[in-house]
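*Asks:* Quick one: sequence and predicted model below, then my questions.
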Amino acid sequence: MSGAEERLVELEIQIAHQNRTIEELSGEMARQGAELDRLRKIMKALAERFLALEEVATPRPEITKPPHY
């Protein structure tokens, strides 16, 4: 093999490795995006539950006239 052919083979090998790495990173980003969506749904549900519990647990102040009336 000549020097140019060896260089071409080496570049093809590097591109193949880079393509595999890009595919792996893309897959990981997709998994993390799905996990982020799942965690957002959980956070929203917990926030709604917290607000509902807060409304039940916190007594409402009585409506009274101020003392100067």
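*Replies:* Received the coordinates, thanks. Numbering: from 1, shown residues only.

*Asks:* how about Glu23, secondary structure?
*Replies:* Of the three states, Glu23 takes helix under DSSP: H, G, I helix; E, B strand; the rest coil.

*Asks:* which ones are touching it?
*Replies:* Contacts for Glu23 (Cβ atoms under 8 Å, 6 or more residues apart in numbering) come out as none. From N, CA and C alone the C-beta is placed, and that goes for glycine too.

*Asks:* And the pLDDT at it?
*Replies:* Glu23 carries a pLDDT value of 98.

*Asks:* What count of nearby residues applies to Arg7?
*Replies:* Burial measure for Arg7: 11 neighbouring residues, criterion other Cβ atoms under 10 Å.

*Asks:* One more: Ala16?
*Replies:* Applying other Cβ under 10 Å, I find that Ala16 has 10 neighbouring residues.

*Asks:* To which secondary structure element is it assigned?
*Replies:* Element membership for Ala16, per DSSP states H and E: helix 3-57.

*Asks:* Tell me which residue is most central in the protein.
*Replies:* Central residue of the chain (Cα atoms, centre = their mean): Leu36, 2.3 Å from the mean position.

*Asks:* if I look at that residue, how far off is Met1?
*Replies:* 48 Å (Cβ to Cβ, to the nearest Å).
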